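Novice: Build me a model from this:
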Amino acid sequence: MTQTVPSTSRPRALRARLRWLVPLLLVALVTAAGVGLSSALASDGGSSPGGGKVVLRIGWPIDPDNLNPFIGWIAPTFEVWMLNYDHLDQLDGNLKPQPALATSWEISPDGKVWTFHLREGVKWSDGVPFTADDVAFTYNYIVKNEMAAYINLCQGIKKAVAVDPLTVKIYCSAPKANMLTTWIPILPEHIWSKVPPREAESHYRNKPPIVGTGPFQVVEFKKGQYVRLVRNPYYWGKKPAVDEILFVMYQNTDTMTQDLLNGTVDAVVNLPAAQFRKLQSTPGYQTVAYNMFYWDYLSFNCYTGPSKGNPVLRDVKFRQALNYAIDKQRLVDIAFNGFARVGTTMMPPGEWRNPDYHYEPTTAERWPFDPEKAKQVLDAAGYRDTDGDGIREDHQGRPIVLRLWADAERVESQREGNLITGWLRDIGLKIQYQVVDEGVYYDGIWNYQGDTFMPDFDMYLWDWDGYVDPGDTLSCYTTEQIENWNEPAWSNKDYDRVVHAQYHEMDPNKRAELIKEAQRIFYIETPNIVLTYPDWLEAYDTTHWEGWQRMYDGTGPAFYTSGEFLDSYLNVHPKAEESGGGGGLGTGAYVGIAAVVVVVAIIVVLVIRRRGPSAEEV
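Specialist: Residues are numbered from 1 along each chain as shown. As a prediction, this is how the structure comes out:
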């Protein structure tokens, strides 16, 4: 655990005649620690603001990767950005657009011009007024400079124009179906206009305090320790009940769980399965297992240009054969301890309602676990073991050797890697299996030889939090996204055509059919294999806190939603009988302090009795 907790001072040496007290005092402290004194220590720590402020503390085992919105990309980063920045609209608990910085909007008859009417009186967290110029700047900065992080989401946008301080028009080359569901944070022009675009998307540090219009402001970020946010005094919306939010980084999830139980933190996410099950039966805590657009996958190097990947992976028949070799139910049961579902296509079922964008392959299309079928498909495609050494050869007669990487940051990935390595060896492939840091992933997937893109990997296991707009996820695998979001560097003209068409289809049901067709193509072509739909496992304290809000009419998550759901952060507050607010002393801490008081009182009595007339010498 890397949480900052103040160290207790080493007790000063007492006079020789009182040294016998030290062991008793240590016993007292250890006893107290066992029942919650660590909570009291944490509440006054350097990373944990005190002074009677209401502080909500959330533990997680993964840090934000980068608070620059043009560089960061993992789920914790989006959670922090959601609190610091606003969008033109925000989504409710059922993913329906609601007013935010824009109070209303309309579309031109041809669907190519969106007019947004902005909220009056909004200020940035540094007190500077927010206007339509900030909105126009944000979109134009992305579009004109082709900012890699968002240009894919802004497809079809030509320009944004501030008509007056409270009106902005966004002009598109064609109808844009995802305008209200695309994740574009509105940035302050007076800050970001000073940042050169190439610097913004390469090495610019978005140092705290980070200026935004959201309900909280990031004021401190210590990598590997915590992110601290304070309430934005200029926030235009409902005033949050908490003064501060502290996201605490843990290296050890068992320690994180114990800190939830002893009151050091108030909520946690990414729990281990065993601890989650324990909390399910522990009074005073709500547990939630949920998916939220999340899928994990085995990806292949499909690049047909200069590549350091094994060329057999460019063959769709070879990739299809590997589907038969993988027992996805075993992955669910063993790698995820049952907290996942068998995966098929990249849109998890049940995440969207009216319409549901998930495509479920037909019986004829589905790849069941069938190792013998995998061998037959490989044989038919010309990948046989001709010399009888147990290793199949490629079309040039070379043994097929494939590198497989698992993610060092995810134990589930490592369990999957062990299982898949065995299954692929069983069908005659030589697998070089490694557990590597994500930095190795980045270097291999986006490898360059001089100025030439040359991906240097064969296969890897990774996971993806998809966008709330399914079309935005699909577009990451189009041909134009090679060297950017398209990790397998795969290209398919039919897929590109369908993905581009869905962006311009304004009828939700017709658009859903196009999105499903794109998933079907991707599934058949297999640039990666969607293995499972894992659950995020979160828990939060309901004994000392109330006001937690959950998505999907109370059946979904309360927080950690890939930056899509603010309600808990705005509404959660200490229960009325609690006197110190969030991050104060939990029940365990008070019991611990009481234990110290009792033990120390006994020690004092013993001292007095032992010392008798010599008391004046102390």
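Novice: which SSE is residue 510 in?
Specialist: Element membership for residue 510 (DSSP states H and E) is helix 508-525.
Novice: May I see the buried residues of that helix?
Specialist: 511-523, 525 (16 or more other CB atoms under 10 Å). In this view, the C-beta of every residue, glycine as well, is placed from N, C-alpha and C.
Novice: Same check on stretch 194-207?
Specialist: Neighbour-count burial for stretch 194-207 [16+ other CB under 10 Å]: 195, 197, 200-201, 204, 206.
Novice: Can you list the low-confidence ranges for this structure?
Specialist: 1-51, 577-618 (pLDDT under 70).
Novice: Domain map for it?
Specialist: 1-7+21-81+214-291+537-618, 86-204, 294-534 (automatic domain parsing).
Novice: re the thing from before, which elements pack onto the helix holding residue 510?
Specialist: Packing partners of helix 508-525 (3 or more CB pairs under 8 Å, 6 or more residues apart in numbering; DSSP states H and E): helix 316-324, helix 470-475, helix 493-503.
Novice: contacts for the shortest one?
Specialist: The reference is to helix 470-475. Outside helix 470-475, the residues that touch it by CB atoms under 8 Å, 6 or more residues apart in numbering are 152-153, 155, 177-178, 181-183, 293, 346-347, 352, 357, 464, 466-467, 481, 485, 499, 502-503, 511, 515, 518-519, 522.
Novice: how distant is it from the center of its chain?
Specialist: Taking CA atoms, centre = their mean, to the nearest Å, the mean C-alpha location of helix 470-475 is offset from the chain mean by 17 Å.
Novice: Only the C-alpha atoms, please, for that helix, written as CSV.
Specialist: Only the C-alpha atoms of helix 470-475 are listed here, as CSV (Å, rounded to 0.1, in the frame of the first residue of the first chain):
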residue,chain,number,x,y,z
PRO,A,470,-20.8,2.4,-29.1
GLY,A,471,-19.9,4.0,-32.5
ASP,A,472,-16.9,5.7,-30.8
THR,A,473,-15.6,2.3,-29.7
LEU,A,474,-16.1,0.8,-33.2
SER,A,475,-14.3,3.7,-34.9
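Novice: So which bits of that helix are buried?
Specialist: 470-475.
Novice: Same question for the longest one.
Specialist: In terms of neighbour count (16+ other CB under 10 Å), helix 493-503 has its buried residues at 495-496, 498-503.
Novice: In contact with residue 458, which residues are there?
Specialist: With CB under 8 Å, 6+ apart, residue 458 has these contacts: 300-301, 309-310, 313, 402-404.
Novice: Need the distance between the two termini of stretch 358-376.
Specialist: 30 Å (CA to CA, to the nearest Å).
Novice: what does that stretch rub up against?
Specialist: So stretch 358-376 is contacted by 320-329, 344-345, 347-352, 423, 426-428, 515-517, 519-520, 523-524 (CB under 8 Å, 6+ apart).
Novice: Where does residue 296 sit, in terms of helix or strand?
Specialist: strand 294-300.
Novice: Parallel or antiparallel, which strands does that strand pair with?
Specialist: Under the criterion DSSP bridges, strand 294-300 sits next to strand 459-465 (antiparallel), strand 528-534 (antiparallel) in its sheet.
Novice: Check these for me and report the most buried one.
Specialist: Most buried of the strands paired with strand 294-300, by mean neighbour count (mean count of other CB atoms under 10 Å): strand 528-534, with a mean of 24.
Novice: Contacts for that one next, please.
Specialist: 291, 294-300, 319, 322-323, 326, 328, 331-332, 335-336, 339-346, 348-349, 412, 416, 461, 463, 487-488, 523.
Novice: what about residue 284, how many neighbours?
Specialist: 11 (other CB atoms under 10 Å).
Novice: before we move on, back to that, can you redo the buried residues of helix 508-525 as a markdown table, where the extra columns are distance to residue 53?
Specialist: As requested, the buried residues of helix 508-525 are exported to a markdown table (distance: CB to CB, whole Å):
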| residue | distance to residue 53 |
| --- | --- |
| 511 | 46 |
| 512 | 46 |
| 513 | 51 |
| 514 | 50 |
| 515 | 45 |
| 516 | 49 |
| 517 | 52 |
| 518 | 48 |
| 519 | 47 |
| 520 | 52 |
| 521 | 53 |
| 522 | 48 |
| 523 | 50 |
| 525 | 54 |
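Novice: Go through those residues and name the one nearest residue 546.
Specialist: residue 512 (37.8 Å; CB to CB).
Novice: Strands of the stretch 351-500 of the chain, start to end?
Specialist: Using DSSP state E, counting those that start in this stretch, the strands of the stretch 351-500 of the chain run over residues 401-407, 430-436, 448-449, 452-453, 459-465.
Novice: which residues does the nearest residue to residue 236 once chain neighbours are set aside contact?
Specialist: Closest residue to residue 236 in three dimensions, ignoring its sequence neighbours and counting by CB to CB, 6 or more residues apart in numbering: residue 122, at 4.6 Å. By CB under 8 Å, 6+ apart, the residues touching residue 122 are 101, 129-130, 213, 234, 236.
Novice: Mind putting these into a markdown table with distance to residue 452?
Specialist: Putting the contacts of residue 122 into a markdown table (distance: CB to CB, whole Å) gives the following:
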| residue | distance to residue 452 |
| --- | --- |
| 101 | 42 |
| 129 | 48 |
| 130 | 44 |
| 213 | 42 |
| 234 | 49 |
| 236 | 49 |
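Novice: Using neighbour counts, trim those to the buried set.
Specialist: Among these, the ones that count as buried by 16+ other CB under 10 Å are 101, 130, 213, 234, 236.
Novice: tell me the two of those that are most distant?
Specialist: 101 and 234 (12.9 Å).
Novice: anything in contact with each of these two?
Specialist: Contact criterion CB under 8 Å, 6+ apart; residues shared by residue 101 and residue 234: 122, 213.
Novice: Now for the residue nearest to residue 534 when sequence neighbours are not counted, how many residues are close by?
Specialist: Once flanking residues are discounted, residue 534 sits nearest to residue 340: 4.3 Å by CB to CB, 6+ apart. Around residue 340 there are 24 other residues, counting by other CB under 10 Å.
Novice: again with residue 106
Specialist: 9.
Novice: my guess is it meets residue 113, correct?
Specialist: No: between residue 106 and residue 113 there is no contact under CB atoms under 8 Å: 9.0 Å.
Novice: Packing partners of the helix or strand residue 80 falls within?
Specialist: Under the criterion of DSSP H and E, residue 80 resides in helix 75-84. Secondary-structure packing of helix 75-84 (3+ CB pairs under 8 Å, 6+ apart): strand 216-222, strand 226-231, strand 244-249.
Novice: after it comes which helix or strand?
Specialist: Next along from helix 75-84, by DSSP H and E: strand 89-91.
Novice: hmm, back to that, if I pick the residue nearest to residue 534, what's in contact with it?
Specialist: Residue 340 is in contact with 331-332, 532-535, counting by CB under 8 Å, 6+ apart.
Novice: Just list the residues touching the residue nearest to residue 418 when sequence neighbours are not counted, thanks.
Specialist: Using CB to CB, 6+ apart and skipping residues adjacent in sequence, the residue nearest residue 418 is residue 433, 7.5 Å away. For residue 433, the contact set (CB under 8 Å, 6+ apart) comprises 404, 406, 417-418, 421.
Novice: Pull up the distance across stretch 67-87, start to finish.
Specialist: 17 Å.
Novice: Please identify the buried residues of it?
Specialist: In stretch 67-87, counting by 16+ other CB under 10 Å, buried: 67-72, 74-87.
Novice: how about residue 257, what does it touch?
Specialist: Each residue near residue 257 by CB under 8 Å, 6+ apart is listed here: 268, 271-272, 275, 278-279, 539.
Novice: residue contacts, the closest residue to residue 526 other than its chain neighbours?
Specialist: Among residues not flanking residue 526 along the chain, residue 319 sits closest, at 4.1 Å (CB to CB, 6+ apart). Contacts here follow CB under 8 Å, 6+ apart; on that basis residue 319 touches 300, 302, 313, 525-527, 529.
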